[in-house]
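Undergrad: only the shape, not the letters, is given here:
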DNA sequence: GTCTATACGCGGATAGAC
DNA sequence: GTCTATCCGCGTATAGAC
């Protein structure tokens, strides 16, 4: 217990967030750069430049670029897990759904400048698709969002809603809205959408 | 009139689609690869391999990779222009909106495997943001979609709807639905969403 | 229009000193 | 943890023959 446990990449889903200071700096810088240039368009040199060190220093923290991508993805996923847990602790399904919705909107607003890259970048999407833990986490999220239904009538609106929230925050049409105003509108419309018969 | 006019990159918005056979092959291959690997993750070698020629042959068609990116973006935008024109030729605003919605859904379904990359890739997004013609085209689209309103109450739902349609078609939740089923559900839900008070 | 060949830099990655 | 130095391959791009 006294030894600093590795924590590493887990693989079972919930990254416990205990990244070293240095690792955390890399992950933060990488996430911002991924959002601006895409994963494929971001080099280790760029990451090193942003945090003011050399490439070799970055390599000391992560042996490969892939590991950085994974760490960024897990860091985002960890935030989502917190939201899901909060919703799952709510006994009433309808309330649970609303809690989840609120949390998801908050996350999207918080990540406003990078949300769509983090959920849409081909490299990250591929990564999500291949990892058990991520699939399980998303399955839990969908369960809360869709409730009983599992057919197209439940899945299509769920897919639309997730896409709408994630995509809208970065949309040029709402670029001039401040976070709080956007949050209010988004939440209102998302609730409306879910209440549709 | 007899000479094949250059058509080139236009710049005023509507690319007139008169690409040579060879150029069209490059653009098609590039679009598919962009969708799978992102713009930054796609090399000229990949493009050349897909169409079965050498890199140099590709360079003969487009002097730089940027030109290919532009051509792909314009090709997508041209499709959207057709949809917008169809909607604009409809006198009744409500009907125009419905025509546009239908066309956009059709486009998204057609481009199902690449839609979100084509609208979400950072490289392409930057490109769209910088080009007059693209901004004007999108302005026309928004106008039809939002009608009179120009405040947040109109813009937020418009942003959500565009994001929802583009993002939902690639979502894992609906991966098992065939095009026609997905189209039906998507259109139904999109109409509902827009009719909200 | 397509090819071979080639220049040149950058990207990922490693070794070893401090 | 960070640095300098270095390797190698691939990516963009060009020259010139067929």
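TA: Sure thing, it's come through. Only a predicted model underlies this, so the values are computations on that prediction, with no experimental measurement involved.

Undergrad: quick check: residues of chain A near DNA strand C?
TA: By the rule CB under 7 Å from any atom of the strand, the part of chain A lying against DNA strand C is A:42-46, A:55-56, A:59-60, A:63-66. C-beta: built from backbone N, CA, C; applies to glycine.

Undergrad: now the buried members of those residues.
TA: Among the residues of chain A next to DNA strand C, those classed as buried by 16 or more other CB atoms under 10 Å in any protein chain shown are A:42, A:44, A:65.

Undergrad: who touches the closest residue to residue A:121 other than its chain neighbours in this structure?
TA: Distances taken as CB to CB, 6 or more residues apart in numbering or on different chains place residue A:39 nearest to residue A:121, at 5.1 Å, with adjacent residues excluded. Residue A:39 makes contact with A:69, A:121, A:122, A:123, A:124, B:38, B:40, B:41, according to CB atoms under 8 Å, 6 or more residues apart in numbering or on different chains.

Undergrad: give me every residue that touches the first one.
TA: Yep, that's residue A:69 we're talking about. A:30, A:34, A:39, A:123, A:124, A:127 are the contacts of residue A:69 under CB under 8 Å, 6+ apart.

Undergrad: the second one reaches residue A:114, doesn't it?
TA: Right, residue A:34. Yes. Contact criterion CB atoms under 8 Å: residue A:34 and residue A:114 qualify, at 7.0 Å.

Undergrad: pLDDT of the longest helix anywhere in chain A, averaged?
TA: Taking DSSP state H as the criterion, chain A has its longest helix at helix A:65-88. Across helix A:65-88, pLDDT averages out at 95.

Undergrad: quick revisit: most neighbours, which of the contacts of residue A:69?
TA: Among the contacts of residue A:69, residue A:39 has the most neighbours (other CB atoms under 10 Å in any protein chain shown), with 29 neighbours.

Undergrad: what kind of secondary structure is the residue nearest to residue A:121 in?
TA: coil (DSSP: H, G, I helix; E, B strand; the rest coil).

Undergrad: what's residue A:113 in contact with, if anything?
TA: With the criterion set at CB under 8 Å, 6+ apart, residue A:113 makes contact with A:32, A:35, A:170.

Undergrad: hang on, the earlier thing: check which element follows the longest helix of chain A along the chain.
TA: helix A:93-110 (DSSP states H and E).

Undergrad: list the buried residues for that next one?
TA: So helix A:93-110, judged by 16+ other CB under 10 Å, has buried residues A:96-109.

Undergrad: give me the distance between residue A:152 and residue A:143.
TA: 16 Å (CB to CB, to the nearest Å).

Undergrad: for residue A:27, that is, sorry about that
TA: Residue A:27 is 29 Å from residue A:143, where distance means CB to CB.

Undergrad: quick one, which of those two is more surrounded?
TA: Per other CB under 10 Å, whichever of residue A:27 and residue A:143 has more neighbours is residue A:27, with 22 against 18.
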